[in-house]
Every structure is written in C-alpha cells, then in structure tokens.
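Novice: here are the coordinates; sequence isn't available:
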C-alpha cells in the first residue's frame, strides 16, 4: 500500500508532464485511463492502515507528501476512515486536479465536519482564495486573541439564536448577549441582521483557512 513518495508526487503534481504522469501511475500499479480519486488526510493511524480501510479492495497507494497524507485509488470510501482523521476528497478527475481539490477540501475540515468532499463545497471553495488583508478577516484575527469570544461568535453564527447559543455554551443568555455586544464592536458588524451574520460566517471560514486552524491532527506514516 505504501508507495514511493517521489512517484506519488509525480502522479499528482500539476507541473508533471503527462507522459511522466502516465509512467508514474503505471509504476504505481494503476491501469491506464482509469479515473482516480485522491484523498488528502491527516490521522494518527499509520497511513497504510488508513488506506486499507478506505479501499479494502482494488489498487490503492499512500504516501506522505509535504506533511499531508495522500491516498490514491480508483474507488474510495472515506466514511471508513478512523474517527480521529480529517480528510478532504477530490473529484474523479485527473490526479493533479483531484489532489488540488482534496487539499482545498481538507482545509475546510473541523471537529464538526472531519470529512469534506470538494464536490459539496460549491462556491465556498472560492473562500480558499480570499486574501489575508480582507478587513473582515483581519477583524476575526483580532477577535481570536480571546478564545471565548471566538467560540461565542462561532456558536451564535451556527445557530442564529442567542438562546440556543447560550444553551450550547452553558451560559445565561444575558452573558452571551454581553459577549456579542463586545464582538459586534470589535467586528464593526451588526450580528442581528442576516447580512452581518453572513459576513461574520464567511470571515470566520476564511480566517480558519488562512490559519489552517481546523487541522489539528498530525499525520503518521509508520
């Protein structure tokens, strides 16, 4: 299951000549012209065992590339990944494009959503290209200095309800209201409006992508 990382990198790199890519895939044991899926994964489980889980039958190869686990197969069942894993799944397309999609999807993973399929992101994938100097993202970065404020904002944006957020945070709703007043001043956004909450949600997502903060699990290849 474990493969030469140099061969895997040749297969998934956008800079690889198509002749060299085809040769690398052939050496990895994949039939010519077969549609391949790429899974970008972070897990404490040895990478070969994770690959065997998601592809119990059929050819599968795994390697560590730039500190991210790469699993390459013709068919994948990412739902079989171990519980600690975070994974992004690329589409059934060329290996280089599927890898790029998988890496983007991996950046969107978090505790509530450890597996993300690129096909499910839609327009959200555009946030991965958002520049760091966006003023809303910069405001979130300042807010993140206080983890409690950040958690309060994330919970409120996810629920859209002060009382529901208070329940999830195990706080009185008046305490959450006071926090939100402070957060509103910091962000200069009116969180009581749909537009304000949408801007806050988009800025939160972009900040996580820029800081890679959802990615908390190391990769093991041994």
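Specialist: Arrived safely. In this text, all values refer to a predicted model and were calculated from it rather than measured experimentally.
Novice: what are the buried residues along stretch 180-199?
Specialist: Across stretch 180-199, burial judged by 16 or more other Cβ atoms under 10 Å covers 180, 183-184, 186-187, 189, 191, 196-197, 199. (C-beta placed from N, C-alpha, C; glycine too.)
Novice: ramachandran angles for residue 59?
Specialist: phi -70, psi 140 (degrees, to the nearest 10).
Novice: looks to me like residue 62 is in a strand.
Specialist: Yes: judged by DSSP: H, G, I helix; E, B strand; the rest coil, residue 62 forms part of a strand.
Novice: how many neighbours does it have?
Specialist: A count of neighbours around residue 62, defined by other Cβ atoms under 10 Å, yields 27.
Novice: what's the answer for residue 120, then?
Specialist: With other Cβ under 10 Å as criterion, residue 120 counts 13.
Novice: what helices and strands are in contact with the helix or strand hosting it?
Specialist: Per DSSP states H and E, residue 120 falls inside helix 118-121. If contacts are counted by 3 or more Cβ pairs under 8 Å, 6 or more residues apart in numbering; DSSP states H and E, helix 118-121 sits against helix 95-107.
Novice: can you list contacts of the helix it packs on?
Specialist: Helix 95-107 is contacted by residues 11-14, 16, 21, 25, 36-42, 68, 70, 72, 86-93, 116-118, 121, 125, 128, 208-209, 212, 214-215 when judged by Cβ atoms under 8 Å, 6 or more residues apart in numbering.
Novice: appreciated, that's everything.
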